[in-house]
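Visitor: Got a predicted structure plus its sequence, pasted below:
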Amino acid sequence: MTGRVSDLVSHPLALRLALHPQAFAHVLEARKVLEGEFAHLAAVRADADDLEAIEGHLEAMRVHAREPEIAIREDFAFHMAIARSAKNPVLFDVLNSLSDLVFRSHRAATQAGGLSPRALAYHEQIAGAIRRRSPLEARRLMLSHLDDVIQRAGQLYKASRGPIPGAGGPRVRSGAVAQQPGAPVEARARIRAPEVRRRAGRP
């Protein structure tokens with residue numbers, strides 16, 4: 001069922017995104033709807049392993065903030081770790097079906113120099129709210145962060161007037177390993193996919 005939903009949802013959206021770059025803002029709006037609640041639920045439900053994963057990706061962003069490819073990958077993984085921590089497999093499957101477009105949105109909103117100090121600060125604050133078990137604060141910060149991403153992406157589009165950066169991104173599948181596109185196979189960075197059944201409470 002999940003694969004069919006993925007096919008029905010991702011492919012038409014990917015086509016729309018390719019044909020109408022302005023529709024990119026709609027992908028970010030969809031992220032707001034989902035990720036605000038993921039942050040809220042993660043602040044309530046995240047266990048020690050979840051918090052460790054979130055902090056691990058945050059630390060990688062701190063270390064590699066000026067290395068765009070690594071920073072983008074860790075940014076994506078940070079958000080997916082929060083989504084896993086919410087432990088709602090239905091909502092996670094919705095985001096998972098959009099993972100290619102979500103990855104593109106991370107690419108498109110990241111400048112050539114890597115993560116901005118402002119973006120990194122948002123991630124620090126979101127992780128902190130989740131650690132403190134403050135769901136309302138976590139949701140508010142995530143929504144503010146994504147509003148900032150929407151504004152920044154719009155500015156980058158206006159400046160470049162070009163195609164959406166990063167024509168491809170990893171599709172995260174349950175129990176699989178996704179690969180970063182755009183490099184030779186032997187050099188591709190690997191992202192461990194979320195284990196939805198085990199971590200989100202499925203039997």
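Guide: Nice, I can see it. Numbers count the residues shown, from 1 in each chain.
Visitor: okay, and the helix or strand of this protein with the least pLDDT?
Guide: strand 177-179 (a mean of 35; mean pLDDT, DSSP states H and E).
Visitor: Only the C-alpha atoms, please, for the host helix or strand of residue 119, written as PDB.
Guide: Assigned by DSSP states H and E, residue 119 falls within helix 117-131. Listed in PDB are the C-alpha atoms of helix 117-131, where the atom choice follows Å, rounded to 0.1, in the frame of the first residue of the first chain:
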ATOM      1  CA  PRO A 117      24.300  30.700  10.900                       C
ATOM      2  CA  ARG A 118      20.600  31.500  11.000                       C
ATOM      3  CA  ALA A 119      19.600  28.100   9.700                       C
ATOM      4  CA  LEU A 120      22.000  26.400  12.100                       C
ATOM      5  CA  ALA A 121      20.600  28.400  15.000                       C
ATOM      6  CA  TYR A 122      17.000  27.300  14.100                       C
ATOM      7  CA  HIS A 123      18.100  23.700  14.200                       C
ATOM      8  CA  GLU A 124      19.800  24.100  17.600                       C
ATOM      9  CA  GLN A 125      16.700  25.700  19.000                       C
ATOM     10  CA  ILE A 126      14.300  23.000  17.600                       C
ATOM     11  CA  ALA A 127      16.500  20.200  19.000                       C
ATOM     12  CA  GLY A 128      16.700  22.000  22.300                       C
ATOM     13  CA  ALA A 129      12.900  22.300  22.600                       C
ATOM     14  CA  ILE A 130      12.500  18.600  21.800                       C
ATOM     15  CA  ARG A 131      15.100  17.700  24.500                       C
END
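Visitor: Following element in sequence after it, please.
Guide: helix 135-160.
Visitor: got the angle between that following helix and helix 117-131?
Guide: Counting by axes from the mean of the first three to the mean of the last three C-alpha atoms, to 10 degrees, helix 135-160 lies at 160 degrees to helix 117-131.
Visitor: how about low-confidence regions in the chain?
Guide: 1-23, 111, 156-203 (pLDDT under 70).
Visitor: can you pull out the strands in it?
Guide: Using DSSP state E, the strands found in the chain span residues 177-179, 190-192.
Visitor: ok, the residue nearest to residue 27 when sequence neighbours are not counted - how many residues close by?
Guide: Using C-beta to C-beta, 6 or more residues apart in numbering and skipping the chain neighbours, the partner closest in space to residue 27 is residue 101 (5.0 Å). To be clear about C-beta, it is placed using only N, CA and C from the backbone, and glycine gets the same treatment. Residues lying near residue 101 (other C-beta atoms under 10 Å) number 23.
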